[in-house]
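Trainee: Model the structure of this input:
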Amino acid sequence: MQINIAALVKQLIRWIYALSPYFWLDRFFKHKESEFEPESASWQRYRDKRLFLSEFYIVGWLVLAVLLYAASTQVSLPLWLSILLMLRIVGILNKELGVILFGICKITEGTAVSATGRVIVLAMVNYTTAMFLFASVYQLVGHFSDVPDYLAVWAPLIQSLQTQFTLGAPFEAADAQTWWLITSHGIFCFTFGTIVISLFVSLLNVKPLRA
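Mentor: The predicted model follows:
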């Protein structure tokens with residue numbers, strides 16, 4: 001019996017993607033789109049709706065992530081919210097992996113690496129969203145042992161910001177839960193960074209010099 005690990009990973013990515021409400025709404029418009037001849041006016045109308053929905057969902061999560069972090073600094077949010085935020089972070093990484101590895105989890109499926117300026121911009125929006133989501137999670141359940149008093153209010157955001165862009169945590173974890181969270185954050189950043197580099201490389205049009 002032969003095991004196709006790539007097929008298993010691809011199916012797992014599809015299953016996780018199906019947990020997103022965006023997946024089902026886009027699937028509805030995709031079904032409507034398929035009822036018309038490709039490139040026709042009606043087909044293009046539904047394709048534009050799908051493109052708008054994709055951008056609205058991604059940018060909407062960025063706005064929501066910023067608002068959630070701001071709210072977490074002012075009021076005590078329920079701890080279970082951190083689980084939902086981590087699920088969204090997993091969803092972001094899962095979608096980008098689907099795009100770069102198998103050309104799935106996107107509107108124009110089929111090409112393993114299909115990078116455009118739009119794709120990279122949206123990927124960076126997702127990366128920024130994840131930074132604020134991690135900051136909110138740090139605010140909710142994180143505990144640090146070496147935070148100076150003058151940075152106490154901003155510690156979760158500083159922790160997320162520096163980890164996101166340097167892969168180095170500025171503050172030490174005060175418990176095992178925070179240690180796992182910091183480690184998970186580093187894994188996310190390393191994996192996402194590899195994805196973005198792959199997208200940039202796919203945009204290069206390298207040609208040999210003429211003799």
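Trainee: quick one: secondary structure of the closest residue to residue 25 other than its chain neighbours?
Mentor: Nearest non-adjacent residue to residue 25, counting by Cβ to Cβ, 6 or more residues apart in numbering: residue 53, 6.4 Å away. Bear in mind the C-beta positions are built from the backbone N, C-alpha and C, glycine included. When classified by DSSP: H, G, I helix; E, B strand; the rest coil, residue 53 comes out as helix.
Trainee: How many residues are close by residue 53?
Mentor: 16 (other Cβ atoms under 10 Å).
Trainee: That one and residue 5: what is the separation?
Mentor: 32 Å (Cβ to Cβ, to the nearest Å).
Trainee: And residue 117, by the same measure?
Mentor: 32 Å.
Trainee: cool, residue 42 as well?
Mentor: 41 Å.
Trainee: just residue 155 next, same as before
Mentor: 40 Å.
Trainee: quick one, which of the two is more surrounded?
Mentor: Set side by side, residue 155 and residue 5 show more neighbours around residue 155, with 20 against 7, by other Cβ under 10 Å.
Trainee: Do you know the pLDDT at the residue nearest to the more buried one when sequence neighbours are not counted?
Mentor: Once flanking residues are discounted, residue 155 sits nearest to residue 147: 4.6 Å by Cβ to Cβ, 6+ apart. Looking at residue 147, its pLDDT stands at 87.
Trainee: Pick out the residue nearest the middle of this protein.
Mentor: For the chain, residue 92 is the residue whose C-alpha lies nearest the centre (Cα atoms, centre = their mean; 2.5 Å).
Trainee: Could you look up the SS state of residue 169?
Mentor: Residue 169 ends up coil, using three-state DSSP.
Trainee: Quick check, it in contact with residue 186.
Mentor: Yes: here residue 169 reaches residue 186: they are 7.5 Å apart, a contact under Cβ atoms under 8 Å.
Trainee: Now residue 98. Nearest residue, chain neighbours left out?
Mentor: residue 105 (3.2 Å).
Trainee: check contacts around that neighbour.
Mentor: 13-14, 17, 94-95, 98-99 (Cβ atoms under 8 Å, 6 or more residues apart in numbering).
Trainee: what two of those have the greatest distance between them?
Mentor: The most widely separated members of the contacts of residue 105 are 14 and 99, with 12.4 Å between them, by Cβ to Cβ.
Trainee: mind listing what residue 49 touches?
Mentor: Residues counted as contacts of residue 49 (Cβ under 8 Å, 6+ apart) are residue 29.
Trainee: burial count for residue 6?
Mentor: Neighbours of residue 6 under the rule other Cβ under 10 Å: 10.
Trainee: And the helix or strand hosting it, how far out from the chain middle?
Mentor: Per DSSP states H and E: residue 6 is located in helix 5-17. Relative to the mean C-alpha coordinate of its chain, helix 5-17 is positioned 17 Å out (Cα atoms, centre = their mean, to the nearest Å).
Trainee: helices and strands around that helix, which ones?
Mentor: Using 3 or more Cβ pairs under 8 Å, 6 or more residues apart in numbering; DSSP states H and E as the contact test, the elements touching helix 5-17 are helix 81-97.
Trainee: Find the helix or strand that residue 129 is a member of.
Mentor: If you go by DSSP H and E, residue 129 is part of helix 117-141.
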